[in-house]
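Trainee: just need the structure, nothing else, for what follows:
(2 chains)
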Amino acid sequence: MDLLIKLQKIDRRIIYALVVVVLMLPLIFHPAGHPTLVTPEVHDAFDVIDQVPKDKMVILSSAWGPSTEYENGPQTAALMHHMLLKGIRFGIVSWDPQGAQLTYNIGNNLQTELHKQYGVDWVHFGYKVLIEAALRGIGTNLPKTMETDMNGTRLTDLSKLPVMKGIRDSRDIGAVVEISASGTLEGTMTYMTQPNNLPLLYCPTAVMSVEAYRYLDSRQLKGMLNSAVGAAQYETLIGLSSFTTPASVTTWALSTAHIFIIVLILLGNLGYFASKKAARRQGGEANND
Amino acid sequence: MTEIAGWLARNSTSIIVWCGALCTFAIYSILYAENKFYRLFEHVYIGLASGYGVYIAWRDVLGPKWWIPMRFGGEWYWIFAAVAGSMFYFMYSQKHVWISRVIFGFFMGVTAGGMFRGFYEVYFPQIGSSMKSLAPGANGWWDTANALVFYVLLFSAMTYFFFSFEHKHPAVAATARAGRWFLMIGFGAIFGATVMGRLTLLIGRLNFLLNDWCLQEVVPDWKSIYFKIIVGLVVVALIGLIVNSIARPKQKNSTSSGTEE
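Mentor: Next up, the predicted model:
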């Protein structure tokens, strides 16, 4: 009882340190296993990408930067991995200046690993300002709206960017994926996917994911990858379950940290009731005196 | 000079990793206490992000889409974009503030128009999907049960936000109270997801510190016994801190608890 009451007064910095220790265990031992449970929204997202015809392109609309790299990065990597393996063309547009370089790096690392080629299998449209005209333009005239790729090559130069062959407007887009750390979903929905009847997938940070379920229910979203956990589940579906990836390590670390936090909440509540009981007992003794 | 450039080129990865580690430690030092080290790096971050943003905005947007077409492509009319853009800055002049209001008004109108469109595209399908069938679907009676749960939650939450008359009737009051509880559960789910998101970001930084910095830069042979000893010592030190904290609570805490008692 006394211990529980004393735990109530523990320095918050010790709790921070304990959380760090708990989180570090999976990072040190690198367990390879991925989640065996794959949620329906991740399954749906996989199915949408898997069924995109080879003559169409998937647009990765990326609105994230370094501050959420460890949530949105694994999502981007998992989707790119799937599309590069399957031979599905994709183009990335970044609405964040720093995110443009990060997504480009992810693509570059994966193309080396999977022996693919920039300009042939995928393209990066670079950083663009997120305005309604740009979102609408992707559906009406993609090459004219994006004009150049990340390196300044014109999208109409098919000798350097054969990946753009036959890609003109929304009829040549197989799906749109919104990978976002901010409230960009509704703009994409309003100006790009709904008017052009394009399937939209969503990869939000965990904070934003709860509010997105209503769009899944109304089928405005065809699938969703919830933070790094969603990315780990997606990796299970593309056959990476026996490999150690950033998403799988994050999932393990999250699981241990969540168990630890639940234990702390229980201890905190027990301590609270114990201290109340002790205060009542002391009050009673004082009255008796 | 050439030697320094060569050294920098050879060790660029290590320099980047060490800078990253230093920045991470500086920013997380706020968790211990407010300090000048943290403030310095906070300003460094803001400056870097702003500078990089300006550079990218020029390289990817203003340069190729505005300056080059206007200066070299004969598209002189792009000068009007600069005129419209500079109108914003009149908000700093008391005498000519009306000029900024013109451009603000223009963008407010455009945004309001867009919101109408957004309402139609985003929320109308939500209203439609709220009309769920109670008949058994592909999953049999589970679909009916799901639809019932949905309707109970929907009507309860809507009743809670119905402010046109006072919730006097017991049925209305009870439904509104239930709605408030359901909303609280929803907020709890959002908070839980927030914890998960924040932990993920922390995991990312710890992963960087441990694997990219500590193991690759500080301890080249991470499988060595020394590393395990260091980790063990850190854990023991932390346990010691906890025991010490429980045995001797801070003076401030004991004083405040004494006041409560």
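
Trainee: contacts only, for the closest residue to chain A within the stretch 151-261 of chain B.
Mentor: Proximity of the stretch 151-261 of chain B to chain A (C-beta to the nearest C-beta) peaks at B:Gly204, 2.6 Å away. Backbone N, C-alpha and C define where each C-beta goes, glycine included. Counting by C-beta atoms under 8 Å, 6 or more residues apart in numbering or on different chains, B:Gly204 makes contact with A:69-71, A:250.

Trainee: what distance do you get for it to B:Arg198?
Mentor: Between B:Gly204 and B:Arg198 the computed distance is 11 Å (C-beta to C-beta, to the nearest Å).

Trainee: likewise A:Glu71?
Mentor: Remark: distance between A:Glu71 and B:Arg198 (C-beta to C-beta) = 10 Å.

Trainee: same check on B:Arg71?
Mentor: According to C-beta to C-beta, B:Arg71 stands 46 Å off from B:Arg198.

Trainee: the longest helix in chain B is where?
Mentor: helix B:170-207 (DSSP state H).

Trainee: chain A: strands as residue ranges?
Mentor: For chain A, the strands defined by DSSP state E occupy A:57-63, A:89-94, A:122-127, A:173-180, A:200-204, A:223-224.

Trainee: quick one on the thing from earlier: most neighbours among the contacts of B:Gly204, which one is it?
Mentor: A:Glu71 (34 neighbours; other C-beta atoms under 10 Å in any protein chain shown).

Trainee: how many residues are close by the nearest residue to A:Val22 once chain neighbours are set aside?
Mentor: What sits nearest to A:Val22 in space, not counting adjacent residues and going by C-beta to C-beta, 6 or more residues apart in numbering or on different chains, is A:Phe260, at 4.6 Å. For A:Phe260, the neighbour count with other C-beta under 10 Å is 16.

Trainee: A:Phe260 contacts A:Met24, doesn't it?
Mentor: No. The pair A:Phe260 / A:Met24 is not scored as a contact, 11.8 Å apart, by C-beta atoms under 8 Å.

Trainee: how many residues are close by the closest residue to B:Asn207 other than its chain neighbours?
Mentor: Excluding its sequence neighbours, the residue lying closest to B:Asn207 (C-beta to C-beta, 6+ apart) is A:Leu27, at 5.3 Å. Residues within reach of A:Leu27, counting by other C-beta under 10 Å, total 19.

Trainee: thought A:Leu27 was touching B:Arg205?
Mentor: No. At 10.6 Å, A:Leu27 does not count as touching B:Arg205 under the criterion of C-beta under 8 Å.

Trainee: roughly how far apart are A:Gln220 and A:Met189?
Mentor: When distance is defined by C-beta to C-beta, A:Gln220 is 6 Å away from A:Met189.

Trainee: overlap in contacts of those two?
Mentor: Jointly contacting A:Gln220 and A:Met189 under the rule C-beta under 8 Å, 6+ apart are A:200, B:122.

Trainee: only alpha carbons, please: show stretch B:79-92 as PDB.
Mentor: The C-alpha coordinates for stretch B:79-92 follow below in PDB (Å, rounded to 0.1, in the frame of the first residue of the first chain):
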ATOM      1  CA  ILE B  79       4.100  40.500 -63.200                       C
ATOM      2  CA  PHE B  80       0.600  40.900 -62.000                       C
ATOM      3  CA  ALA B  81       1.100  37.900 -59.700                       C
ATOM      4  CA  ALA B  82       3.900  39.900 -58.000                       C
ATOM      5  CA  VAL B  83       1.600  42.900 -57.700                       C
ATOM      6  CA  ALA B  84      -1.200  40.800 -56.200                       C
ATOM      7  CA  GLY B  85       1.300  39.100 -53.800                       C
ATOM      8  CA  SER B  86       2.800  42.400 -52.600                       C
ATOM      9  CA  MET B  87      -0.700  43.600 -51.800                       C
ATOM     10  CA  PHE B  88      -0.600  41.400 -48.700                       C
ATOM     11  CA  TYR B  89       2.200  43.500 -47.200                       C
ATOM     12  CA  PHE B  90       0.100  46.600 -47.000                       C
ATOM     13  CA  MET B  91      -1.400  45.100 -43.800                       C
ATOM     14  CA  TYR B  92       1.600  46.600 -42.100                       C
END
